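> sequence first, then the predicted structure:
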Amino acid sequence: MMLVYRLSYQEPMPPFDALQPRKVMAIGDFDGVHLGHREVIRRAVADAESLRAPAAVMTFDPHPREVLGIAKYAYSLTPLERKLELLEQLGVDIAYVVSFDEQLMRVTPEQFIERVLLPLGLDTAIVGFDFTFGHRGLGTPDSLAQLSKGAFAVEVIRPFEIEGSKVSSTAIREALERGDVAEAHKLLGRPYAVRGTVVHGDARGRTIGFPTANIEPEGLYVLPANGVYAIRAELDGERYDGVMNVGVKPTFASGGVPVPTLEAHLFEFNRDIYGAVLEVQLISRLRSERKFGSVQELVEQIRRDAEEAKAHLLSF
Ligand SMILES: Cc1cc2nc3c(=O)[nH]c(=O)nc-3n(C[C@H](O)[C@H](O)[C@H](O)COP(=O)(O)O)c2cc1C
Ligand SMILES: Nc1ncnc2c1ncn2[C@@H]1O[C@H](COP(=O)(O)OP(=O)(O)OP(=O)(O)O)[C@@H](O)[C@H]1O
């Protein structure tokens, strides 16, 4: 069981007492828990194991860039609950979730070390080569080492790259914006997934022969570009293949519904699952969403989408 502590600049952890074991801690946003993040976290877990110390991760919530005014960062690749689950699966013992607010934004690197890091009792802090912290991101891995004055060691992880580019949350967001879920998969090391609850739609799906589960995401997820995707869904530990439309249904709503919806049609499945929690993995993109001249044309296209999705999923 991973322990989770919420802390803030106003209410940091009580000072560490010398009887507690010192921790090895990775620090960062870790949105997505992608392959680059995994290098950093795996190092923390491995070092902790060899020191017989707890492995910790410090992460921030909300995303610092949202607090800095970049609205799209309200949406995450891994909303906090999901991120914590993934950290636990990697063998992390303790997660410190630091509330990021206007005050923390203005804290100097010195103040951050003094007030937030030192009370935790660290043996080692592990950060990536491009880690920044403190007001205006002025703190770097070098200044972390200098300013901590030997209170803990600092280990810096080299860039983890795929095909010559650093794996980053930004690159994954950009891939999803293009609908390139295959690229997102490559950088994450697993398919991009959205978890949500099945809610009632207009029940039109059933009348057109393709019942769909309308999924209301649990938390604010970055959604892939509107379009049709082959999916693999997990429900109560069982896997189902299917096809999903992410979009505004222009065929039925003139100008489209205001907020994109997620509608998944699972193959050979006709149970009532309203209220169930579904995790949808996006496996491949099939096409863009379109406005069809008639329901009949849409239905014929969905039939072809389903065949294409089955073919993609077979080789997956
Ligand atoms: C695989 C798939 C592809 C779809 N493609 C489109 C599309 O290109 N254009 C569109 O207007 N609606 C598309 N839809 C959405 C359907 O219009 C929608 O599922 C249906 O109207 C049911 O809506 P309801 O759940 O609100 O009742 C698609 C749905 C599925 C499952
Ligand atoms: N590809 C990578 N190789 C090595 N370290 C990384 C890599 N990506 C991130 N890190 C490190 O992991 C920690 C968390 O990184 P963070 O989530 O800020 O990175 P990111 O994925 O590059 O995000 P963004 O694209 O939003 O800037 C930081 O210490 C960072 O330096």
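Structure's in. What do you need? Ligands and ions are numbered 1, 2, ... in the order given.
> enumerate the residues of this protein near ligand 2.
27-31, 36-37, 39-40, 127-128, 130-131, 157, 159-160, 166-170 (C-beta under 6 Å from any ligand atom). Glycine gets a C-beta too; all of them are placed from N, C-alpha and C.
> please check those and keep the buried ones.
Listed as buried from those are 27-31, 36-37, 39-40, 127-128, 131, 157, 160, 167-169; burial here means 16 or more other C-beta atoms under 10 Å.
> among those, which ones are in strands?
27, 127, 128, 157 (DSSP state E).
> okay, and the residue lying closest to residue 1 once chain neighbours are set aside sits in which element?
Nearest non-adjacent residue to residue 1, counting by C-beta to C-beta, 6 or more residues apart in numbering: residue 88, 7.9 Å away. If you go by DSSP states H and E, residue 88 is part of helix 80-89.
> please enumerate the strands of the stretch 151-300 of the chain.
153-157, 161-162, 165-166, 192-199, 213-217, 227-235, 238-247, 261-266, 277-287 (DSSP state E, counting those that start in this stretch).
> residue contacts, the residue in the stretch 51-200 of the chain that ligand 2 sits nearest to?
The minimum distance from the stretch 51-200 of the chain to ligand 2, using C-beta to the nearest ligand atom, falls at residue 128 (2.0 Å). Applying C-beta atoms under 8 Å, 6 or more residues apart in numbering to residue 128 gives the contacts 28, 36, 40, 141, 156, 157, 159.
> among the residues you listed, which pair sits farthest apart?
Farthest pair in the contacts of residue 128 (C-beta to C-beta) is 36 and 141. Separation: 14.7 Å.
> pull the number of nearby residues for the nearest residue to residue 122 once chain neighbours are set aside.
Excluding its sequence neighbours, the residue lying closest to residue 122 (C-beta to C-beta, 6+ apart) is residue 152, at 3.9 Å. Using other C-beta atoms under 10 Å, residue 152 has 22 neighbouring residues.
> which residues touch residue 152?
Applying C-beta under 8 Å, 6+ apart to residue 152 gives the contacts 22, 117, 122, 123, 124, 125.
> which of the residues you listed tops the neighbour count?
residue 125 (27 neighbours).
> how close does it get to residue 3?
From residue 125 across to residue 3, the span is 18 Å (C-beta to C-beta, to the nearest Å).
> relative to ligand 1, which residue of this protein is the closest?
residue 201 (2.7 Å).
> can you give me the helices in this protein?
35-51, 64-67, 80-89, 102-105, 109-111, 141-147, 169-177, 181-188, 204-207, 295-314 (DSSP state H).
> what comes up buried for the fifth one?
For helix 109-111, the neighbour count (16+ other C-beta under 10 Å) marks residue 109 as buried.
> equivalent analysis for the third one, please.
The neighbour-count criterion (16+ other C-beta under 10 Å) identifies 80, 82, 83, 84, 86, 87, 88 as the buried residues of helix 80-89.
> would a markdown table of those with pLDDT be doable?
Converted to a markdown table, these look like this (pLDDT from 0 to 100):
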| residue | pLDDT |
| --- | --- |
| 80 | 97 |
| 82 | 97 |
| 83 | 98 |
| 84 | 98 |
| 86 | 98 |
| 87 | 98 |
| 88 | 98 |
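> JSON lines please, covering those and showing distance to ligand 1.
As requested, the buried residues of helix 80-89 are arranged in JSON lines below (distance: C-beta to the nearest ligand atom, whole Å):
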{"residue": "80", "distance to ligand 1": "29"}
{"residue": "82", "distance to ligand 1": "24"}
{"residue": "83", "distance to ligand 1": "29"}
{"residue": "84", "distance to ligand 1": "31"}
{"residue": "86", "distance to ligand 1": "28"}
{"residue": "87", "distance to ligand 1": "33"}
{"residue": "88", "distance to ligand 1": "33"}
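> in JSON lines, list the residues you listed along with distance to residue 286.
Shown next, in JSON lines, are the buried residues of helix 80-89 (distance: C-beta to C-beta, whole Å):
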{"residue": "80", "distance to residue 286": "31"}
{"residue": "82", "distance to residue 286": "25"}
{"residue": "83", "distance to residue 286": "29"}
{"residue": "84", "distance to residue 286": "32"}
{"residue": "86", "distance to residue 286": "27"}
{"residue": "87", "distance to residue 286": "33"}
{"residue": "88", "distance to residue 286": "34"}
